[in-house]
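Colleague: got a sequence here, can you build the structure:
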Amino acid sequence: MSFKLGDYVLVLDEDLSGTITQINRRTITIETEDGFSLDFQDVELVKSEKEKPLTGLFSKSSISAVISEKEQPKRRQQVTKRAKDRYEPTMEVDLHIHQLIKSSRGMSNFDMLTLQLDTARHKLEFAISKRIQKIVFIHGVGEGVLKTELEYLFGRYNNLKYYDANYQKYGLGATEVYIFQNVPTN
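Modeller: This is a model prediction of the structure:
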């Protein structure tokens, strides 16, 4: 095949093309679209019928139309809960005295315990009325007086069960209450 200066050629077995800038016997120098000058043997080149293919194939506006057509609209990512997290309590009640009032100055231990138990009873009644299934009462470790009183309080309800809360999350100082929803109340 005879080549002449200015011919647009494709390189066989490679994704290269360019315009012939120099011919020296069987060695032909081409300049790629990126501006590189490369030497090839004439048997490695093929003359292209079209002058610089793909140039002007798309206008700028049609390129953006093609891209937007090909791109899928992004789906709103749904928040997935791990199976373990689905069973986490929906309500936590911290019964530490400093969480309930600003200052316990002047209060006896009996007064503080009464306030904590009243708070626990009100939160439990609230959860039952709002059909909240699980509550964690954080009572702390201490001497165990509040925990014992809470167990006595929970024992007066026939539509719930209680047990130690998740040790990894709360340690020994919390009790989880599960409220059965379909039990008729008296």
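Colleague: now do the contacts for residue 13.
Modeller: Residue 13 is in contact with residue 44, counting by C-beta atoms under 8 Å, 6 or more residues apart in numbering. To be clear about C-beta, it is placed using only N, CA and C from the backbone, and glycine gets the same treatment.
Colleague: measure it to residue 21 for me?
Modeller: 21 Å (C-beta to C-beta, to the nearest Å).
Colleague: and residue 8, by the same measure?
Modeller: Taking C-beta to C-beta, one finds residue 8 at 12 Å from residue 21.
Colleague: the more surrounded of the two?
Modeller: Between residue 8 and residue 21, counted using other C-beta atoms under 10 Å, residue 8 has the larger neighbour count: 16 against 13.
Colleague: check what pLDDT the more buried one gets.
Modeller: At residue 8, the model reports a pLDDT of 91.
Colleague: that one bridge partners, please.
Modeller: residue 19 (DSSP bridges).
Colleague: so it touches residue 18, yeah?
Modeller: Yes: proximity of residue 8 to residue 18 meets the contact threshold set by C-beta atoms under 8 Å, at 7.4 Å.
Colleague: which parts of the chain are strands?
Modeller: With DSSP state E as the criterion, the chain has strands at 8-11, 17-24, 27-32, 37-41, 45-47, 91-94, 134-138, 160-164, 174-179.
Colleague: just send those strands back as a markdown table, with distance to residue 149 too.
Modeller: Below are the strands of the chain laid out as a markdown table (distance: least, C-beta to C-beta, whole Å):
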| stretch | distance to residue 149 |
| --- | --- |
| strand 8-11 | 88 |
| strand 17-24 | 86 |
| strand 27-32 | 85 |
| strand 37-41 | 88 |
| strand 45-47 | 93 |
| strand 91-94 | 14 |
| strand 134-138 | 11 |
| strand 160-164 | 13 |
| strand 174-179 | 11 |
